[in-house]
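J.: sequence-free structure coming up:
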């Protein structure tokens, strides 16, 4: 199976195509619900802070500072149901996808978090009860980001840079909101991954912090619309060939002179 990358965005159809390449995406059914079993995996599509497709407002939560996800099951779900028994017994591997906007078809992949707490009979809206799982994002997820997503970690050495990049990459909501607003076309050279690579390139890009966190030297609030831009790996690498990093305008000017 193709590996999902932590922090990257996928639609339900994208995930379906990983498990069923070349097959038509089903309309309705389990793939339109909050979670389902597929080939040894429990795939969970969570809305955070917004109601789901059924209108129920599940209080799913993502704690960015502590990297904890609170996941509430379907109405009347409980720990003795076969789905959850298989998950707890290790027969299923959990894959979590989050989104913060229920009008957006893209979910951010949050890896396979560790289950740290399970609680039955938790009240949700409309007098319903369900199961609550507390999930701790594993360190291995961030190793995947550094290895697979082409982050700044590949461009610099040293503990300070590694820690800074890891902190930035661990806020996938910012990345998702940047892509939702700007799209996935490079804001410097206009490279379009989907146009060039087809389905393989869909929803792929790097996200660049206009004022690199490694140069700011401290934690600060980030506006995903004004402080982040989508860039291709080539432009991202060129930005960081200089220290301090080049601005997007400077790289655009270099490209224009090279034409």
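T.: Arrived safely. Computed from a predicted structure; not experimentally measured.

J.: Please count neighbours and contacts with C-alpha atoms only from this point.
T.: Noted.

J.: In the chain, which residue is most central in space?
T.: With distances taken as C-alpha atoms, centre = their mean, the residue of the chain nearest its centroid is residue 108 (2.5 Å).

J.: That one and residue 8 touch, don't they?
T.: Yes. Contact status for residue 108 versus residue 8: in contact at 5.7 Å, counting by C-alpha atoms under 8 Å.

J.: Tell me how far stretch 72-90 lies from the chain's centre.
T.: Stretch 72-90 has its C-alpha centroid displaced from the chain centroid by 24 Å (C-alpha atoms, centre = their mean, to the nearest Å).

J.: need the strands for the stretch 151-259 of the chain, in chain order.
T.: Using DSSP state E, counting those that start in this stretch, the strands of the stretch 151-259 of the chain run over 206-209, 228-231.

J.: Among these, show me which one is buried the most.
T.: Neighbour counts (mean count of other C-alpha atoms under 10 Å) averaged over each of the strands of the stretch 151-259 of the chain peak at strand 228-231, with a mean of 24.

J.: where are the low-confidence patches of the stretch 51-200 of the chain?
T.: Under the criterion pLDDT under 70, the flagged ranges of the stretch 51-200 of the chain are 51-57, 138-170.

J.: Tell me where it has helices.
T.: Along the stretch 51-200 of the chain, the stretches classed as helices by DSSP state H, counting those that start in this stretch are 82-88, 139-148, 159-169, 172-182, 193-197.

J.: on that earlier part again, format the strands of the stretch 151-259 of the chain as a markdown table; extra columns: distance to residue 34 and mean pLDDT.
T.: A markdown table is the format used below for these (distance: least, C-alpha to C-alpha, whole Å; pLDDT from 0 to 100):
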| stretch | distance to residue 34 | mean pLDDT |
| --- | --- | --- |
| strand 206-209 | 28 | 89 |
| strand 228-231 | 29 | 92 |
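
J.: Pipe those strands into CSV and attach distance to residue 126 per row.
T.: Listed next are the strands of the stretch 151-259 of the chain as CSV, based on distance: least, C-alpha to C-alpha, whole Å:
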stretch, distance to residue 126
strand 206-209, 40
strand 228-231, 39
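
J.: among those, which is nearest residue 183?
T.: Distances from residue 183 to each of those were compared using C-alpha to C-alpha; the shortest belongs to strand 228-231, at 7.3 Å.

J.: So in that sheet, which strands flank that closest one, and in what orientation?
T.: Taking DSSP bridges as the criterion, strand 228-231 forms sheet pairs with strand 206-209 (antiparallel).

J.: residues in contact with the lengthiest strand in the chain?
T.: As far as residue count goes, and with DSSP state E defining each element, the longest strand of the chain is strand 114-123. The list of residues contacting strand 114-123 from outside it, by C-alpha atoms under 8 Å, 6 or more residues apart in numbering, reads 76, 78-79, 129-138.

J.: got the buried residues for stretch 107-114?
T.: Along stretch 107-114, the positions that meet the burial threshold by neighbour count (16 or more other C-alpha atoms under 10 Å) are 107, 108, 109, 110, 111, 112, 113.

J.: Repeat that for stretch 58-68.
T.: Going by neighbour count (16+ other C-alpha under 10 Å), the buried part of stretch 58-68 is 58, 59, 60, 61, 62, 67, 68.

J.: Which of the residues you listed fall within strands?
T.: The members of these that map onto strands under DSSP E are 61, 62, 68.

J.: In contact with the closest residue to the second one other than its chain neighbours: list those residues for me.
T.: Okay, so that is residue 62. With sequence-adjacent residues excluded and distances taken as C-alpha to C-alpha, 6 or more residues apart in numbering, residue 62 is closest to residue 69, at 4.6 Å. Contacts here follow C-alpha under 8 Å, 6+ apart; on that basis residue 69 touches 60, 61, 62, 63, 134, 135, 136, 137.

J.: Which of the residues you listed sits closest to residue 190?
T.: Checking the contacts of residue 69 against residue 190 by C-alpha to C-alpha gives residue 62 as the nearest, at 32.8 Å.

J.: For that closest one, give its distance to residue 100.
T.: Applying C-alpha to C-alpha, to the nearest Å, the value for residue 62 to residue 100 is 10 Å.
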